[in-house]
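Starting from these lines, generate the structure:
(chains A and B, ligands or ions: 3)
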Amino acid sequence: MIPFDFEYYRPSSVKEAADAYQALQAQGKQPMYWSGGTEIITMARLNEDRPGAVVDLKAIPECNVIEFRENDLIIGGCVTLSAVTGSNFFPLLGRAAQGVADQTSRNKITLGGNLCGRIYYREAVLPLLVADSRLVIAGKGGVREAAIHEVFRGQIRLEPGEFLLQTVTDREFVSLPSVHVKKRQIGNVGYPLVTLVAVKKGSRIRAAFSGICGFPFRSASIEQVLNTPGLSAEERARQAAGRLPAPPLTNTEGTADYRLFLFKQTIKDAIHALEGR
Amino acid sequence: MNVLESASLNSNAIYPLELEVNGERRWLWVRAAETLLHTLRDHLGLTGCKPGCENGDCGACTVILNGLPMKSCLMLAVEADGQRITTIEGLKHSPVQEQFVLKQAFQCGYCTSGFIMNGHGLLSAHPDADPETIRLWLESNICRCTSYEEIHGAIMAALAVNKEGGSATGSS
Ligand SMILES: Cc1cc2nc3c(=O)[nH]c(=O)nc-3n(C[C@H](O)[C@H](O)[C@H](O)COP(=O)(O)OP(=O)(O)OC[C@H]3O[C@@H](n4cnc5c(N)ncnc54)[C@H](O)[C@@H]3O)c2cc1C
Ligand code: FES
Ligand code: FES
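Ligands and ions are numbered 1, 2, ... in the order given. This next block holds a predicted model:
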């Protein structure tokens, strides 16, 4: 049970949503955008999020699209993870989405919520990072498009009052040879110890990771090692482990040492899968 | 909902709600911050959906919303406005429920309604579910008494009955 009250708004256009957020902000209500709402409900129950109002984005048509437009795959921020997987438009994203939570929860958790949430794994972002996707962002100034690497650095970095409307991915990336590996403490449901997503574009491997550090990332320095000719898979994995952007995580899922071990193992597995050796 | 209208109407955070629950239209007023789980139990008397973790982990609160299983602890009642909901009370003598009885797929029974809702959703969405799909769907629920073997058996039996020509989803 959520131990406090908040107001609920369900605008049906981008402009109404941005205006409502701004008006509620001006009234001091500390509004939050709402997609699936699963994280806000969870955090509010623990008194960790305390919005005075929420602005539900689900009735905005642009937030619900999942379709190809010419060369671009457009996915709205409110599309659920199970719908992303079910569409099979971008199989790698479908597999990464299917790794999050469980089947029933994925009927509610959205792509936008996974990317913008506080829970730091944000695994669905990994395929978008390796695909150099773009993000369509809406706010009081209208709608803008930006490279994912500009806006998502460990976490989403939006201007106040902005929300994620859509992701846009070039069609050429959706069918590249790819690998998705998620290592958990136990079973098939749970937060990752390490999640790796990799594609092979031309002769180069691109890779992004979650779980190993306290944020998801793609690293030019690690990709340089992964693509160094003449190094064994073992040696590339060893060197990649020395180039993490932050110390490996220790939490209830596992220790830093265990995560490092799994990180190297998943890199070797990915190299074998993508290079056949 | 028109934002400006609703902004003036709802500053006390109580909202009118219309639901179709087990085939009946219901109208009520709810706090925006109330989850569907508590609305179903406390306002509509449908106590078959159970509060377990209230954190999305256990599945005891599962209902079917527009044909898909949904954890009612992860949804506000206001989000379900205008939607079609089935709870365990609406699945009397449905094939999955009957197989749970036949296979004795429960011990304390706390998880049972959630598993039946999920199984019912599975049969409706995937009458030809392969083992991988069955595994994926059943992972959404936890049984503390570990009746998993029997639960799996009940779902498999319901799928088989369905394939032999019985109605998978009963009357609901
Ligand atoms: C049972 C369970 C298991 C989970 N397991 C995993 C896992 O294995 N891996 C993993 O990566 N995650 C996992 N999660 C976390 C989950 O992916 C995130 O909590 C995610 O934020 C939930 O999405 P939502 O749509 O419900 O978000 P919401 O609750 O709607 O929003 C989350 C946050 O994002 C903001 N937000 C939402 N949409 C937008 C938008 N379009 N623009 C701007 N801001 C927005 C909200 O204001 C809020 O701060 C799990 C969650 C649950 C409930
Ligand atoms: S009570 Fe809803 S998932 Fe546990
Ligand atoms: S029968 Fe007791 S929790 Fe499942």
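
Contact residues of chain B facing ligand 1?
When proximity is defined by C-beta under 6 Å from any ligand atom, chain B lies next to ligand 1 at B:56, B:57. C-betas here are computed from N, CA, C, even on glycine.

Work out which residue lies at the spatial centre of chain B.
Among the residues of chain B, the one closest to the centroid is residue B:63, at 1.3 Å (C-alpha atoms, centre = their mean).

who does the helix or strand encompassing that residue touch, helix- and strand-wise?
Secondary-structure element containing residue B:63, defined by DSSP states H and E: strand B:62-65. Identification of packing neighbours for strand B:62-65 by 3 or more C-beta pairs under 8 Å, 6 or more residues apart in numbering or on different chains; DSSP states H and E yields strand B:68-71, strand B:84-86, helix B:112-125.

For burial, what's the neighbour tally of residue A:95?
Residue crowding around residue A:95 was assessed by other C-beta atoms under 10 Å in any protein chain shown; the count is 17.

who's in contact with it?
Going by C-beta atoms under 8 Å, 6 or more residues apart in numbering or on different chains, residue A:95 touches A:85, A:180.

now swap in residue B:79 and tell me
Taking C-beta under 8 Å, 6+ apart as the criterion, residue B:79 is in contact with A:37, A:56, A:58, B:36.

Among these, which lie within strands?
Secondary structure assignment (DSSP state E) places residue A:56 from the contacts of residue B:79 within strands.

which of the contacts of residue B:79 are buried?
For the contacts of residue B:79, a burial check counting by 16 or more other C-beta atoms under 10 Å in any protein chain shown picks out A:37, A:56, A:58, B:36.

quick one on the thing from earlier: going by neighbour count, list what's buried in the strand holding residue B:63.
B:62, B:63, B:64, B:65.

now the second one, which residues is it bridged with?
With DSSP bridges as the criterion, the beta-bridge partners of residue B:63 are residue B:70.

which helix is the longest one in the chain?
With no chain named, the answer covers chain A. In terms of residue count, the longest helix belonging to chain A (DSSP state H) is helix A:256-275.

Switch to chain B, please.
From DSSP H, the single longest helix across chain B is helix B:148-163.

For it, buried residues please.
Within helix B:148-163, the residues that qualify as buried by neighbour count (16+ other C-beta under 10 Å) are B:150, B:151, B:152, B:153, B:154, B:155, B:156, B:157, B:158, B:159, B:161, B:162.

For chain A, what lies in contact range of ligand 1?
Counting by C-beta under 6 Å from any ligand atom, the residues of chain A lying close to ligand 1 are A:32-40, A:57, A:77, A:100-101, A:105, A:109-110, A:112-114, A:116-117, A:119, A:121-123, A:163-164, A:191.

Would you mind giving the domain segments of the chain?
Chain wasn't specified; assuming chain A. In the assignment given by automatic domain parsing, the structural domains of chain A cover A:7-56, A:61-173, A:178-275.

wrong one, I was asking about chain B
For chain B, whose domains are defined here by automatic domain parsing, the residue ranges read B:13-89, B:91-163.

closest to ligand 3 out of those domains?
Shortest separation from ligand 3 across the domains of chain B is recorded for domain B:91-163, at 3.2 Å, computed as C-beta to the nearest ligand atom.

Run the contact check for the closest one versus ligand 2.
No: figure legend: domain B:91-163 not in contact with ligand 2 (C-beta under 6 Å from any ligand atom); closest approach 7.6 Å.

Tell me which stretches of chain B form helices.
With helices called from DSSP H, chain B shows them at B:3-9, B:36-38, B:95-102, B:112-125, B:131-138, B:148-163.

for residue A:167, helix, strand, or coil?
When the structure is reduced to helix, strand and coil (DSSP: H, G, I helix; E, B strand; the rest coil), residue A:167 reads as strand.
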